[in-house]
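Chemist: Okay, predicted coordinates and the sequence, questions at the end:
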Amino acid sequence: MATPDPRRLANQIALVTGASSGIGVAVAKGLAAHGAKVVVNYAHDEEGANSTVAAIEAAGGTALAIKADVSQEAEVQAMFKQAIEHFGTIHIVVANSGIQQDSSFVDMTLAQWQKVIDVNLTGQFLCLREAAREFIRRGVQPEISRAAGKIICMSSVHEVIPWAGHVNYAASKGGIMQLMKSVAQELAPHKIRANSIGPGAIATPINLTARDTPEEEKALLTLIPYNRVGDPDDVGNLAAWLASDEADYITGQTIFMDGGMTLYPGFADNG
């Protein structure tokens, strides 16, 4: 892990959804290591959220856990209200919450489809809308950041790579791509930047089997030209940089962190 620079995000407030496990934990800790005070959102895993807060505080940072189901408008609005009352404002929002409910297409229920869309896509819409309202209300604070606000959507390589057996998930990530780009286009005149991170295979509990079973790991690595599974800290470091003034001229882009998975490695030997 690169040495963090606590000045990069100094005096900034970040809100990270789904920060009780996996990539969300690494993003919250990464932003804190670079100087941000962090709101750690969780839907169900209070213990995980408190663990994230404790890790940030043990490293000398500041964090606050807030429970909210991002698919519920009233809960998202209450979360932002509580965060702003506690810290004064918000400068960075990382819409990270996401779930999978996998099924073959013909057997997928409407409930499975709707739940994934509600959390993964509608949840990002609700969080981005509340973030934009606060960023516009406050405006640019040039002593803190060149932008009025920074939005980072957590997407996936599956915003561009089809995924049989995961139609609801892939559709939600494709939707996030156009949500982010459209938001970026509309909010740029307000000096608000919106981008996405598109992780590939990252070493989190969601792909534990693939990492711990040699045969499955070997199969997974055939999809990754760089020949390693990503680490959550990779994503956390990218989020910190993308939220900083060093990335001030970047908006409306998905940065894939995938070891080359989106290079379609099956064509490396002419297909």
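Modeler: Cool, the structure landed.
Chemist: thought Thr251 was touching Ala184?
Modeler: Yes. Using CB atoms under 8 Å, Thr251 is in contact with Ala184, at 4.7 Å. To be clear about C-beta, it is placed using only N, CA and C from the backbone, and glycine gets the same treatment.
Chemist: Common neighbours of these two, please.
Modeler: Listed contacts common to Thr251 and Ala184 are Arg193, Ala194, Asn195; contacts here mean CB atoms under 8 Å, 6 or more residues apart in numbering.
Chemist: quick check, nearest of these to Glu216?
Modeler: Nearest to Glu216 out of the shared contacts of Thr251 and Ala184 is Asn195 (CB to CB; 31.6 Å).
Chemist: which stretches of the stretch 101-250 of the chain have low pLDDT?
Modeler: Across the stretch 101-250 of the chain, residues meeting the criterion (pLDDT under 70) sit at 206-212.
Chemist: if I look at the closest residue to Met261 other than its chain neighbours, how far off is Leu126?
Modeler: Excluding the flanking residues, the one nearest Met261 by CB to CB, 6 or more residues apart in numbering is Gly200, at 4.0 Å. Distance of Gly200 to Leu126, given as CB to CB, to the nearest Å: 26 Å.
Chemist: cool, and Lys81?
Modeler: Distance of Lys81 to Leu126, computed by CB to CB: 13 Å.
Chemist: quick one: which of those two has more around it?
Modeler: Leu126 (24 against 13; other CB atoms under 10 Å).
Chemist: what's the following helix or strand after the helix or strand the more buried one falls within?
Modeler: Applying DSSP states H and E as the criterion places Leu126 in helix 123-138. Sequence order places strand 149-154 as the next helix or strand after helix 123-138, per DSSP H and E.
Chemist: In the following helix or strand past that following strand, which residues are buried?
Modeler: Downstream of strand 149-154, the next assigned helix or strand under DSSP H and E is helix 167-187. Neighbour-count burial for helix 167-187 flags 167-177, 179-181, 183-184, 187 (criterion: 16 or more other CB atoms under 10 Å).
Chemist: do the same with stretch 131-147
Modeler: Quick answer for stretch 131-147 (16+ other CB under 10 Å): Ala131, Ala132, Glu134, Phe135, Ser145, Ala147.
Chemist: how far is it from where the chain is centred?
Modeler: 20 Å (CA atoms, centre = their mean, to the nearest Å).
Chemist: contact partners of it?
Modeler: Outside of stretch 131-147, the residues within contact range by CB under 8 Å, 6+ apart are 11-12, 15, 80, 84, 89-91, 93, 148-149, 151, 183, 187, 190-193, 245, 248.
Chemist: and with 7 Å instead?
Modeler: 11-12, 80, 84, 89-91, 93, 148-149, 151, 187, 190-193, 245, 248 (CB atoms under 7 Å, 6 or more residues apart in numbering).
Chemist: Endpoints of that stretch, how far apart?
Modeler: Terminal residues of stretch 131-147 lie 13 Å apart, using CA to CA, to the nearest Å.
Chemist: pretty sure Phe125 is in contact with Ile176, am I right?
Modeler: No. The pair Phe125 / Ile176 is not scored as a contact, 9.3 Å apart, by CB atoms under 7 Å.
Chemist: ok, back up a step: keep only those of the shared contacts of Thr251 and Ala184 that are in helices.
Modeler: Counting by DSSP state H, the shared contacts of Thr251 and Ala184 place none of their members in helices.
Chemist: of those, closest to Lys115?
Modeler: Set against Lys115, the nearest of those by CB to CB is Ala194 (24.9 Å).
Chemist: Might one say that the closest one is in contact with Gly149?
Modeler: No. If you go by CB under 7 Å, Ala194 and Gly149 don't touch, sitting 8.9 Å apart.
Chemist: The nearest residue to Ala95 once chain neighbours are set aside and Asp69: what is the separation?
Modeler: Leaving out its chain neighbours, the residue that sits closest to Ala95 by CB to CB, 6+ apart is Gln124, at 4.2 Å. For Gln124, the distance to Asp69 (CB to CB) stands at 13 Å.
Chemist: ok, for Val53, nearest residue in space, not its chain neighbours?
Modeler: Leaving out its chain neighbours, the residue that sits closest to Val53 by CB to CB, 6+ apart is Ala63, at 4.3 Å.
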